[in-house]
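**Q** my questions are about this predicted structure, shown below with the sequence.
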Amino acid sequence: MSISITTPLYYVNDKPHLGSTYSTIATDAYARYLRLKGKDIIFVTGVDEHGQKIQRTAALKGISPSEHCNDVSKKYLELWDKWKITNDRFIRTTSESHKKLVEEFFLRVKAKGDIKLGNQQGWYCVGCEEYKDVDDTDEEPNCPIHLNKLEWRDEENLFFCLSNYQKEIETLVRSKYFIQPESRKNEIVNFVSKGLKDFSISRVDVTWGISVPGYQGHTFYVWFDALLGYLSSLLPKEEEVKLDNLSKYGWPANVHIIGKDILRFHAIYWPAMLMSANLELPNKVFGHGFLTSEGQKMGKSLGNIIDPEKLLEIYGEDAIRWYLLSDIKFGQDGDFQNQRFCDLVNSNLANTIGNLLNRTIAMSRKWFNCCVPIFTYKEESNSLMSKANVSIEEVINYYDQLSFKEACQSILNLASSANLYLNDKEPWKLIKEDSNKEKVAYYIYNVLESCRIVSLLINPVVPNLSLNMLKQLNLESQINDWNKYLNWGHLNQGAELTEPKPVISKIE
RNA sequence: GUCAGUGUAGCUCAGCUGGUUAGAGCACAGCAUUCAUAACGCUGAGGUCGAGAGUUCAAGUCUCUCCACUGACACCA
């Protein structure tokens, strides 16, 4: 039975930014981890292509909305390709199957009695494109951002009766693992406890969207469209679009990995919608933090926007993945600092891990015929093996909880232990006495074996580095299966070792 | 405005129920050193723990006030 994991479906109003790249990288790391453990997963990403903003952006560019969507969606596809993201699906909400699914979903929810016609009233700012909360006594309110006058709008909309699910949602959001991280869970619990209001699911002034069946002039508004992409993405192309088929193809999602800004919609609206449609709920919703650049919010006006594509061209995916996943606690906000980024990549990947492999292969080749040592010698306790076993257990645990930073730390600890082990054993001194050769063989083997474990454990985070390391150990074939190889002793004595080259070069 | 969270070495962060000289990693300095990507290892310098007051034999750790930042407070894709 397969399970799905998802990134947000990114809004194609503009080209991809670092934030969406961050979500995608994290989800990719998790997907890679699950696959290594042998799980049958479907990694879903995609784009949300409807709405007024897109309609307007396209008009501004003098092209049709669909042209605009094609352009931007293509950019996303290309970018994920460049980053070597391993998504299995890429859903576009303008696709025909998605449209069918949305219609079916709506009819089901309507049949359940959870749809009603109502009026959306309020003070609307054209600039912000949203309704503003204003002081009731204010007869002519202004937008606090744009400072212009707000328009009074009274628009007929369809509503989803979220309030029907107050009890169920309350229970759900309080449950132990549904919302993560914990701090955000509290916000949501708080919010729900104040009482849920029905929300509108259609617009009458937006043409660029999916028409609501039976309601002339209405198109679906974001949440009743975009969120359903998680479902429509799962149906195989040849399969008839049917909600009942979903459980065969990976629904419910194991986790939705999203930015903290859209947590509420995923943790409250979405489950209620699914309940109404009689579908299973996702197991978990993880709202990660936002990135700043050198301590400041990224913004056009500040001109400090980090372009993920340029970043990739300069540094390559491993360096950036490592920095984002190993230095920023997943779930908290993070700051991209160029100096720190370079320092950490060089210190952790090139020095601690890369150089460890390099020095050990060099020794092994020099003293053991360009091969992994062959020996019969054994010591009673093998401290490195114990360290490796601890790391294996810890790292699996951390990955399971999406605690990438902690996982990376544990891997780094193992590599450091191996470096210390070498300095402690001093094989380069021992080897001067011929009688020590067995001992040296044993020590070198232990360190090489630790490198092998490191390379496997680190794979979800920095896949290229991992593969490079395994190649140098002549163990490329072990890359895809943790169940088989992620335990001590799978490095073969006497296997050939080629001349080591740095597995990752230093940056800047 | 209301509620919640954060504020600890240059940087990123640990410090549970209060208890000897406040910790780690990175960066920096010195030493050592070749097996290695000037890498690894060792040593060191660096903090009035946001500010002030209080409780206590004892507070980074509890209470109060203040300051700064962040988030939530419903339609922000």
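**A** Structure's in. What do you need? Numbering: from 1, shown residues only, chains lettered A, B, ... in the order given.

**Q** helix or strand with the lowest mean pLDDT in chain A?
**A** Sorting the helices and strands of chain A by mean pLDDT, DSSP states H and E puts strand A:130-132 at the bottom, at a mean of 68.

**Q** packing partners for the following helix or strand past it?
**A** On the C-terminal side of strand A:130-132, the closest following helix or strand by DSSP states H and E is strand A:151-160. In this structure, strand A:151-160 packs against strand A:115-125, strand A:199-200, strand A:202-203, helix A:270-276, with contacts taken as 3 or more C-beta pairs under 8 Å, 6 or more residues apart in numbering; DSSP states H and E. Backbone N, C-alpha and C define where each C-beta goes, glycine included.

**Q** domain parsing for chain A?
**A** Chain A is divided into the following domains under automatic domain parsing: A:3-114+A:161-289, A:336-485.

**Q** would you format those as JSON lines with mean pLDDT and distance to residue A:124 included?
**A** Converted to JSON lines, the domains of chain A look like this (pLDDT from 0 to 100; distance: least, C-beta to C-beta, whole Å):
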{"stretch": "domain A:3-114+A:161-289", "mean pLDDT": "93", "distance to residue A:124": "11"}
{"stretch": "domain A:336-485", "mean pLDDT": "95", "distance to residue A:124": "36"}
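
**Q** so which of the ones you listed is nearest residue A:329?
**A** Among these, domain A:336-485 comes nearest to residue A:329, with 4.9 Å by C-beta to C-beta.

**Q** so residue A:321 touches residue A:27, yeah?
**A** No - using C-beta atoms under 8 Å, residue A:321 is not in contact with residue A:27; the gap is 11.9 Å.

**Q** kindly report the residues of the stretch 401-508 of chain A close to RNA strand B.
**A** Residues of the stretch 401-508 of chain A lying close to RNA strand B (C-beta under 7 Å from any atom of the strand) are A:416, A:419-420, A:422-423, A:428, A:502-506.

**Q** can you pick the most crowded of those residues?
**A** In terms of neighbours by other C-beta atoms under 10 Å, those top out with residue A:503 at 26 neighbours.

**Q** so who does that residue touch?
**A** Residue A:503 is in contact with A:353-354, A:357-358, A:465, A:468-469, A:472, counting by C-beta atoms under 8 Å, 6 or more residues apart in numbering.

**Q** show me just the buried residues among these.
**A** Listed as buried from the contacts of residue A:503 are A:353-354, A:357-358, A:465, A:468-469, A:472; burial here means 16 or more other C-beta atoms under 10 Å.

**Q** now intersect those residues with the strands, please.
**A** Residues of the buried ones among the contacts of residue A:503 located in strands (DSSP state E): none.

**Q** just name the closest of those to RNA strand B, please.
**A** residue A:354 (2.0 Å; C-beta to the nearest atom of the strand).

**Q** do I have it right that residue A:30 meets residue A:7?
**A** No - taking C-beta under 8 Å as the definition, residue A:30 is not a contact partner of residue A:7, at 10.1 Å.

**Q** between the two, what contacts are shared?
**A** By C-beta under 8 Å, 6+ apart, the residues touching both residue A:30 and residue A:7 are residue A:257.

**Q** who has more neighbours out of the two?
**A** Between residue A:30 and residue A:7, counting by other C-beta under 10 Å, residue A:7 is the more crowded of the two (26 against 23).

**Q** show me what the one helix or strand the more buried one maps to is packed against.
**A** Counting by DSSP H and E, the element that carries residue A:7 is strand A:3-11. Packing partners of strand A:3-11 (3+ C-beta pairs under 8 Å, 6+ apart): helix A:18-36, strand A:41-48, helix A:229-232, strand A:253-259.
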